Structure formats: structure tokens, C-alpha cells
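# Quick check, what structure comes out for this input:
(2 chains)
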Amino acid sequence: MNLKLKIWRQKDAHDKGHFEEYHVENVSEGSSFLEMLDILNNDLIHSGKEPIAFDHDCREGICGMCSLFIDGRAHGPDDDITTCQLHMRKFKDGDTITIEPWRSKAFPVIKDLVVDRSAYDKILQAGGYISVNTGGVPDANAIPIPKKDADESMDAAACIGCGACVATCKNGSAMLFVAARVSSLALLPQGKVEAARRAKAMVAKMDELGFGGCTNTGACEAECPKGISIAHIARLNREFLCAKLKD
Amino acid sequence: MSKLWSSSIGKKLVMSLSGLFLIVFLLVHLAANLFYYGGPEAYNAMCAFMDTNPFIKIMVPVLALGFVIHIAWATVITLKNQTARPVKYKVQDLGKSSTWESRNMYVLGIIILGMLAWHLTHFWAEMQLQHFIGGEATDSPYELLVQTFANPVIAVLYIIWVIALWFHLRHGFWSAFQTIGLDNQIWIRRWQCAARVYAFIVAAGFISIPVSVLLIRCFGK
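Predicted structure coming up:
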């Protein structure tokens, strides 16, 4: 298939940036979106031009590195996947595809389609951990945990920190990310101890870094490659409000 | 409670609690309006009760405060959220991931506020306000209602206004419980369903009155 691409080019963090048009030809429907960009970059390098910078790592949907806002949607026109899992069969021959970086004050563009997502690391450093050393792997039944709690915690822990929730939210809110981290720890005995402190510290850091507030549109859940539910945001609200009321 | 009210979640809590207060008010208002179907005597008696009841007198300024807080906080939150994305997307398709009303709550709020001022001049200014300022209130609120809605322009704009309110409530109702934290994976669907039911009842109830007035005017009783 042949495609026209409108891609955001930006030399560095200080450059104003602009869209540039490219044409790629003979792209296989079976290739992934990132492979299509690899083909384009190969052509650009061969013709002596600067290749397009974009984030990627594992290319199997678990590392959270690949980003891209494709035709108005985070990770493109498919559900519950990352960009590396998006295949070209989702597009039609002759399509024009617009590719933009994540847009958020807290995720500044470094180059082309690459953004700095270290704001997420800063939120995690503020409280997304357990302070005590929990030792080696305990015996399976040493600490009984209800199946429901274990399942919910695991669902929340599926967050890969890709930033699609922030990218797609009309307010650029990081609430789903923070909620997933708070939820996955608060549901388990080891994490419960610091649940109140954690919720307060992580929300304070999130606000400080310039993320917007949550207005419960649910767009984050719909675009999350791991399908993390906004019910976790309700738990974060509950944890945070209870912690603040006890202060 | 340090820094609760300045945090993003604290600000939303204010929206949620004031919103729930206004949700309860709408039910009381609707219940009062439905006395219209009891005829002039029932409707006028209800209005007289509202004018003289001390609880209602206390609640009028509280209600006004509820509106002011809801609108002021909405403005602060919306302006703050606008700053989180300084460079906008060239193409953004949110239609597949969220409902229209959830993305346009502030716009709907502005429509509701603008029409609210107009609505107050039609009824409240002629009725309860006169008791507060010692003026002459209308003799028959029922007649005032029928005459006002007999004007098709007013009736149609009123219906459009209530439709905006309908959409505002479809999101606002369940969103309030989500913000307080009274929500989980099971209740989220229940609250959303309750929101649709509540919003429909409120909208249908309010809209039914001007429609009834116009139908009676066109076709007689």
C-alpha cells in the first residue's frame, strides 16, 4: 500500500516545530506501524536526510516506550494496543496519516515525535513504592489475600507508563497513571501501610508538574493499551480524600 | 486537611458536593412544578407554601451560594486544565473514547447559566423576589406560568435550555460520585445508569409543562 504521512518535525526542545509531508510506497499490510516508520527512515537516511526520531524499545507491547498520536488517537486507530502492535492493515491504500507527539505541558517534546516522560518517574519517586524491604518471595499462602483484591491489584499493575492517558485526556491529566500505581499497591498488605502518605505525595507531585485535573470523561480508559479502568481513579480519590481528612 | 482545597482532587470535590446539592434542588423544583398538573388551586397553594415556609426562605441564599460556588470553581478548574496542553493537537478524535457531554460540561454550564438568568426574570422575579423586597407578587402563579409558556419563543428556548441541562446531568450525576470516591468497577455502571434515568426524569418533567401549555393552547383541553 502507498501512504501519505504528515509528521511533526522538531529539531530540539527549543525549536518551534512544523509538519512535513512524506510518501511511503509498497508498505506491506502485515508490517507494524513502527516498521513502516523504519522503512521511511531508511529511505530518508539513503537520501541523506535526517531520519524521524520516535521512541520504541521492546516492540511487543509491554515496555511502554512507543507513543505517537496517530490520526487523532493515542496509539492509533485500534483498541487496547500500543503503537508497536498497530498494524498497517488498519489503514487503507492512499490514506493520509497525521502523526504527532504526545502533547502535554508535563511531557515536553525533545525531538520530532520523542517526548520527555520523566514526569512520570518524578511522580513515582514521590511515593509509588514500598519503603520497607519486603524480602524474598514469600510462601504462596503466608499472607492470605482475597482473590478479588489480587486481581484488581494486578489489573492496575498492568500499567506500562506509556502516557497515552495524559496524551488523550482533554485536560492532559495523569490521574489514570497515578490511580493505577496507588491502586496496585494500596490493595495489597505490604502497600496498605503507606497508602495514605503515598496518595497525598503522588497527587501533590502530579499537580506540581503541570498535569491537568480529571473531569471523568473516561477517554484515558478507552485509549489505555492495558484497558485500566477509571474505577481505580475512584479509589485514588477515596484514598486521597480520606488521607487529607485525617490530617 | 492541609492543602486539600488547593489540590486538583480537592477542587473537584467542591464541584462534586455543590453539584449534588444542585441535583437535590432540581428534584425539589421538579416536584413543585408538577403541581401544575393538579390545576390552578394546587399550583397556587404550592407557591404560597414555598413563599411562607421558613426552611425555603433560609435555603434561597444557600441555593444561590451553591450555584455561585459550582460556577466559580468550574471556571477556575477549566482555566487551569487549559494550561496543561499549551500546544494543541492538529488532529484529535475524542468521539470514540468519551461522550460529547463529558467533554463539554463547561460549555453546557455556560448555556445553563445564561438561560438561568433569563428564566429567573420570568418567574422568580415576579414571585418570591417580591416577598423579599416587599413588592407586589403575582396573584396567580399558575396564570403567570400559563401566560409565559403560551409564548412559543419562550417555550422553545426553555425546552432547549432544559435539553442542555439534561446533557449536563447525564455526566454530572455519576461524575459526582466518582469524584467523591463512592465508586468501583460494579458501581460505575450503576451510577451511569442512574445518571441517565435521573437526567431523563428531570428533563422530561420540566419539558412536559411548556409542551402541555402549548398543546392546550393549540388544541384546547
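# which stretches of chain B form helices?
In chain B, the segments counted as helices under DSSP state H are B:8-33, B:40-52, B:54-82, B:100-103, B:105-122, B:128-133, B:141-150, B:152-180, B:187-219.
# In terms of mean pLDDT, which of these ranks lowest?
Among those, helix B:128-133 has the lowest mean pLDDT, at a mean of 77.
# Helix or strand for the residue in chain A that chain B sits nearest to, just tell me which one.
Closest approach between chain A and chain B, counting by Cβ to the nearest Cβ: residue A:238, at 2.8 Å. C-beta coordinates here come from the backbone N, C-alpha and C atoms, glycine included. Using DSSP states H and E, the element containing residue A:238 is helix A:231-246.
# What helices and strands are in contact with that helix?
Contact here means 3 or more Cβ pairs under 8 Å, 6 or more residues apart in numbering or on different chains; DSSP states H and E; on that basis helix A:231-246 packs against helix A:175-186, helix A:195-208, helix B:8-33, helix B:152-180.
# ok, back up a step: identify whichever of the helices of chain B lies nearest to residue A:77.
helix B:100-103 (19.2 Å; Cβ to Cβ).
# Give me the buried stretch members for the element among helices and strands of chain A having the smallest mean pLDDT, please.
Least confident element among the helices and strands of chain A, by mean pLDDT, DSSP states H and E: helix A:189-192 (a mean of 91). Neighbour counts over helix A:189-192 (16 or more other Cβ atoms under 10 Å in any protein chain shown) mark residue A:191 as buried.
# same deal with stretch A:26-35?
A:27, A:31, A:32, A:33, A:34, A:35.
# Quickly check those for the two that are furthest apart.
A:27 and A:34 (12.0 Å).
# residue at max distance from the center of the chain?
Assuming you mean chain A. residue A:142 (34.3 Å; Cα atoms, centre = their mean).
# ah, no, chain B please
Farthest-from-centroid check, chain B (Cα atoms, centre = their mean): residue B:90, 34.5 Å.
# Could you check how far it is from residue B:209?
Using Cβ to Cβ, to the nearest Å, residue B:90 is found at 46 Å from residue B:209.
# what residues are up against the residue farthest from the centre of chain B?
Residue B:90 sits next to A:6, A:19, A:98, A:100 when contact means Cβ atoms under 8 Å, 6 or more residues apart in numbering or on different chains.
# In chain B, what residue comes closest to chain A?
residue B:181 (2.8 Å).
# give the contact list for the residue lying closest to that residue once chain neighbours are set aside.
Leaving out its chain neighbours, the residue that sits closest to residue B:181 by Cβ to Cβ, 6 or more residues apart in numbering or on different chains is residue A:238, at 2.8 Å. Taking Cβ under 8 Å, 6+ apart, we find residue A:238 in contact with B:180, B:181, B:182.
# give me that answer again for 10 Å
With contact set as Cβ atoms under 10 Å, 6 or more residues apart in numbering or on different chains, residue A:238 has these partners: A:182, A:186, A:199, B:179, B:180, B:181, B:182, B:183, B:184.
# can I assume the fifth one is in contact with residue B:12?
Yes - shown here, residue B:180 and residue B:12 form a contact pair, counting by Cβ atoms under 10 Å, at 9.2 Å.
# Of the two, which one has the most company?
Neighbours were counted for residue B:180 and for residue B:12 using other Cβ atoms under 10 Å in any protein chain shown; residue B:12 has more, 25 against 17.
# Assumed residue A:129 was part of a helix.
No - if the criterion is DSSP: H, G, I helix; E, B strand; the rest coil, then residue A:129 is coil and not within a helix.
# How about residue A:175: what's its closest non-neighbour residue?
The nearest residue in space to residue A:175 (Cβ to Cβ, 6+ apart) is residue A:214, at 3.9 Å.
# Check which helix or strand the one you found maps to.
Assigned by DSSP H and E, residue A:214 falls outside every helix and strand.
# export the helices and strands packed on helix A:231-246 to TSV and tack on distance to residue B:217?
Conversion of the helices and strands packed on helix A:231-246 to TSV gives the following (distance: least, Cβ to Cβ, whole Å):
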stretch	distance to residue B:217
helix A:175-186	50
helix A:195-208	55
helix B:8-33	18
helix B:152-180	9
